[in-house]
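# predicted structure and sequence below. I'll ask about it afterward.
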Amino acid sequence: MKLPKITKPWSKEMYEYNDYVANFMKMEIETKINEAEQNDDFNTLNELMVLSGGIKYGDSYTIGELYDDCLNELQNVQNYWLHEEFPYAVSKGWVDDVELKFVGYDK
């Protein structure tokens, strides 16, 4: 997808491009959610929940509950949240970086 011209207010092309970028990030997050669940890694899955939904679960939850809720939250995560939180998750090693970046948030 071609990088759109940055405008204020945002153009339809900017929104479409950012949705395109978000889809790649969501695919990466979903991959890591599945890996954490398969490895029974509650802590990593909990960090991915923060990335997906901005919340953290306590020890009273099962990994199955956390896994299901994490996938549900991922479906609704907003692009602005991913813009803010995805680089931190990359720096912590919870997800791998994607080549594409959002446009318009830092202007």
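Structure received. Numbering: from 1, shown residues only.
# in contact with Val21, which residues?
Asn79, Val98, Leu100, Lys101, Phe102 (CB atoms under 8 Å, 6 or more residues apart in numbering). Using the backbone N, CA and C atoms, a C-beta is placed for each residue, glycine as well.
# in this structure, which spans are helices?
12-38, 42-53, 63-76, 79-92 (DSSP state H).
# a markdown table please, covering the ones you listed and showing distance to Lys5.
Shown next, in a markdown table, are these (distance: least, CB to CB, whole Å):
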| stretch | distance to Lys5 |
| --- | --- |
| helix 12-38 | 7 |
| helix 42-53 | 30 |
| helix 63-76 | 29 |
| helix 79-92 | 18 |
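# among these, show me which one is buried the most.
Among these, ranked by average contacts under mean count of other CB atoms under 10 Å, first place goes to helix 42-53 (a mean of 20).
# starting at the chain centroid, how far to that helix?
10 Å (CA atoms, centre = their mean, to the nearest Å).
# also stretch 95-107?
That offset, for stretch 95-107, works out to 11 Å (CA atoms, centre = their mean).
# CA atoms of that stretch as CSV?
Output of stretch 95-107 as CSV, limited to C-alpha atoms (Å, rounded to 0.1, in the frame of the first residue of the first chain):
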residue,chain,number,x,y,z
VAL,A,95,6.2,-8.9,20.0
ASP,A,96,8.4,-8.6,16.9
ASP,A,97,8.4,-5.2,15.1
VAL,A,98,6.6,-4.7,11.8
GLU,A,99,8.1,-2.8,9.0
LEU,A,100,5.2,-0.4,8.5
LYS,A,101,4.5,2.6,10.8
PHE,A,102,1.4,4.7,11.4
VAL,A,103,1.1,8.1,9.8
GLY,A,104,-0.2,11.3,11.2
TYR,A,105,0.0,10.7,15.0
ASP,A,106,3.3,12.5,15.5
LYS,A,107,2.4,15.7,13.5
